[in-house]
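> Sequence and predicted model, in that order:
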Amino acid sequence: MKLSFVIPVLNEQDSLVQLYSEIIQNCNGYDYEIIFIDDGSTDNSFNIMSQIALSDMKVKVVQFRCNFGKAAALQTGFNLTSGDIVFTLDGDLQDNPIEIPNFIAKLDEGYDLVSGWKRKRRDPIYKTLPSKLFNFVTAKTFHLKLRDYNCGFKAYRHPLEKEIILYGEMHRYIPVLAHSLGYKVGEIPVAHRPRKFGKSKFGKERYLRGFFDLLTVKMITQYSKSPLYLFGRIGIASTFLGLIISIYLAILKIFMNQPLSNRPLLFLGILLILGGLQFISMGLISELIVNRFRQGNRTPVSIAQYVNIDQIESKPYQQTNLPEVNE
């Protein structure tokens, strides 16, 4: 069995050699490959990773021209992996590679993705409290009981990592994306070490981006197959409420001869009806787009296996063509 390690790196020059050494020590005789993704580092990180790669042909390094974000780094690494099990971990040494055997043991229980749970997180309270809120909201929204969605230390069974498409800040929702494809997702507690070198790369703006990505993931995991179910429900509810208001006002005008021109409720009823019709129209247009999309060479399902089929020409997901990486 071969292990692949995908490690996004942004200005972590002081921790890379130790991280590489710890990964090698904990592979327990398995064949391995390590893929470092330099996400626009401005320090000496790329040179250090390149030196490691020159000394070990199983190490690959990809350098981005600028900072594209963790999701883009992971997606690039996933496209290059060839292992049976793929690990992702951060390059700051807070994820301890000593947990590698525990991840493999959990995968052997039948899980396809195992996410780490930082039970004793070694971070300041201004980072831990928002993280707890994020985990609570995400678990309630997607009905997937995990205690730490945002832990970067994860293990994937091939070919799960090839089917996930990441962009924006969607690396936080990888367990949700895997669960929506029918994969079995588990969780184990992992040791979390305090940061020894450098500083965190995530600012306050990540909370706003994370909220928008929450809405995106909710849409693509539950309504991408039929967006009319989302827009239609909102449209029907709005239209129905507007009709009730309009009928009520019509009764007042016809039977009680009350003036309506000075009543804000009249404008609310009209607004609700027009808004509801727009939502229904948006849902129908979305259905046309999805139907057109399905007629192409993509399919919105994840296939576990085939029986008695010799040749498969369908392509469940298109992958980005990437240049070859020199070992």
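Nice, thanks for sending it over.

> Specify the residue ranges that define each domain of the chain.
Residue ranges for the domains of the chain, per automatic domain parsing: 2-222, 228-294.

> buried set for the longest helix along the chain?
Taking DSSP state H as the criterion, the chain has its longest helix at helix 264-294. Of the residues in helix 264-294, 269, 272, 273, 276, 279, 280, 282, 283, 286, 287, 290 count as buried by neighbour count, 16 or more other Cβ atoms under 10 Å. For every residue, glycine as well, the C-beta is placed using N, CA and C.

> related to what we said a few turns ago, need the domains of the chain in CSV with mean pLDDT, can you?
Listed next are these as CSV, based on pLDDT from 0 to 100:
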stretch, mean pLDDT
domain 2-222, 88
domain 228-294, 87
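
> okay, those, which one's buried deepest?
Most buried of these, by mean neighbour count (mean count of other Cβ atoms under 10 Å): domain 2-222, with a mean of 18.

> Apart from its neighbours in sequence, what residue is nearest residue 212?
Closest residue to residue 212 apart from its sequence neighbours, by Cβ to Cβ, 6 or more residues apart in numbering: residue 168 at 7.6 Å.

> for the stretch 151-300 of the chain, what spans make up the helices?
Using DSSP state H, counting those that start in this stretch, the helices of the stretch 151-300 of the chain run over residues 160-163, 174-180, 205-222, 228-256, 264-294.

> Out of the ones you listed, flag the one nearest residue 57.
helix 160-163 (22.3 Å; Cβ to Cβ).

> elements contacting the closest one?
Counting contacts by 3 or more Cβ pairs under 8 Å, 6 or more residues apart in numbering; DSSP states H and E, helix 160-163 packs against helix 70-80.

> ok, back up a step: show me what the longest helix of the chain is packed up against.
Using 3+ Cβ pairs under 8 Å, 6+ apart: helix 264-294 touches helix 228-256.

> packing partners for the helix it packs on?
helix 264-294.

> Do me a favour and get the end-to-end distance for stretch 6-15?
15 Å (Cα to Cα, to the nearest Å).

> For residue 138, give me its contacts.
By Cβ atoms under 8 Å, 6 or more residues apart in numbering, the contact set of residue 138 is 144, 146, 149, 172, 173, 176, 214.

> Is it correct that residue 53 is in contact with residue 59?
Yes. With contact defined as Cβ atoms under 8 Å, residue 53 reaches residue 59; the gap is 4.3 Å.

> how about residue 36, what does it touch?
The contact partners of residue 36, by Cβ under 8 Å, 6+ apart, come to 7, 9, 16, 49, 52, 53, 59, 60, 61, 62, 91.

> Include secondary structure when you put these into TSV, please.
Below are the contacts of residue 36 laid out as TSV (DSSP: H, G, I helix; E, B strand; the rest coil):
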residue	secondary structure
7	strand
9	strand
16	helix
49	helix
52	helix
53	helix
59	strand
60	strand
61	strand
62	strand
91	coil
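
> Residue 231: which of those residues is nearest?
Nearest to residue 231 among the contacts of residue 36: residue 62, at 39.5 Å, using Cβ to Cβ.

> I'd like to know how far that closest one sits from residue 259.
71 Å (Cβ to Cβ, to the nearest Å).

> And for residue 168?
For residue 168 relative to residue 259 (Cβ to Cβ), the value is 51 Å.

> same deal with residue 223?
Counting by Cβ to Cβ - residue 223 and residue 259 are separated by 43 Å.

> Next: residue 290.
Note on residue 290: its distance to residue 259, by Cβ to Cβ, is 47 Å.

> Residue 52 contacts residue 19, doesn't it?
No. Residue 52 lies out of contact with residue 19 (Cβ under 8 Å); the separation is 9.6 Å.
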